[in-house]
Every structure is written in structure tokens, then in C-alpha cells.
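Visitor: what's the 3D shape of this:
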Amino acid sequence: MGNFNSVVVDAPVNRVWGAMRNFHDMSWAADEVECEPVGAYAGNQIGAKRIINGTFYETLIGLDDQARVMRWRIDLGSDSAVKDNVQEIIGEIRVYPITEDNTTFVLWITSQEPSTGGIAEAGDDAYQAMLAELQRAFV
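Guide: Okay, here's the model as predicted:
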């Protein structure tokens, strides 16, 4: 299981997914995120790397355009305070059409192993802020 954050965006699913699917482009999050691409992989290639806000090193581990799902691993590096309690943190964004009114449901899931570390929950405020920026981007 994981932590869930979600939002409804007033735009068709293909527009929302198109804005979110590039691992190296988080302009949809406006001022909430500074995203620095790292390495030679493009933002739609498994293995692409990025640094978020100069702090979080992340690697793209899954991208499925048909299912509209992106998965990445937060690379814990040498932060011993985190590594002592958590082996792995995975982020995932899923984008679904709401057919009733042609809007989009965006689900952000953060999970960690072991699940008792409490690290994933710490990011909920930031994830909600980014999702709120996503909503504003389509107004």
C-alpha cells in the first residue's frame, strides 16, 4: 500500500497526460518544483534521471502511455538517517479520464519498503501543492 494524493483537473485526459508524461519536465507544477535533468536519457526513456529542488535524486522506472502511468524511484543515496529505516521509495502518477464531464482524475501514490518508515507521508503537503498547481495550469 502507499500514500495517496489526488485531484480532478478540468481538462481532457490526453492533454493532462501530455503535460505530465515527460519525466524531465515538471513545468505543470509551476513554482513548486525545480527539475534538473541528469544524464543522456530523454524524459520518456526508462532510466532517465532528474534532481528535484536540488535535493531529491530520482530515476524513471516505468512509463506506460496506454495506461497513463509513470513510476520512479527516489534514489536514497548516502542519507544514512533515511537508509537506516527505508530500503526503497517509489513514486507513481496515474491519470484517468472522467467520462461524465471530460475531466481528468490524477492519482499520486508514494510507497516505501518497509512500509513502516513514515518517509512517504512526509511529502504529502508537497504532492498536494504540486497537484494544485496542475489544476491551475488547466484553468
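
Visitor: looking at this protein, which helix or strand does the model trust least?
Guide: Within the chain, no helix or strand scores below helix 80-83, which has a mean of 50 by mean pLDDT, DSSP states H and E.

Visitor: Next secondary structure element downstream of that helix?
Guide: strand 88-98 (DSSP states H and E).

Visitor: C-terminal to that following strand, what's the next element?
Guide: strand 103-113.

Visitor: what is the orientation angle of that next one with strand 88-98?
Guide: Orientation check (axes from the mean of the first three to the mean of the last three Cα atoms, to 10 degrees): strand 103-113 against strand 88-98 gives 160 degrees.

Visitor: Mind listing what's buried along strand 103-113?
Guide: Neighbour counts over strand 103-113 (16 or more other Cβ atoms under 10 Å) mark Thr103, Thr104, Val106, Trp108, Ile109, Thr110, Gln112 as buried. All C-beta spots, glycine's among them, are computed from the backbone N, C-alpha and C.

Visitor: thinking the first one is in contact with Val95, fair?
Guide: Read that as Thr103. No - contact criterion Cβ atoms under 8 Å: Thr103 and Val95 do not qualify, at 11.2 Å.

Visitor: Could I get the average pLDDT for the helix ranked longest in the chain?
Guide: Counting by DSSP state H, the longest helix found in the chain is helix 124-137. Mean pLDDT, helix 124-137: 88.

Visitor: That helix vs strand 103-113, what angle?
Guide: Using the same axes, to 10 degrees, helix 124-137 lies at 160 degrees relative to strand 103-113.

Visitor: Quickly note the distance from the residue of the chain positioned farthest from its centre to Val16.
Guide: For the chain, the residue at maximal distance from the C-alpha centroid (Cα atoms, centre = their mean) is Glu100, at 25.6 Å. Glu100 sits 16 Å away from Val16, taking Cβ to Cβ, to the nearest Å as the criterion.
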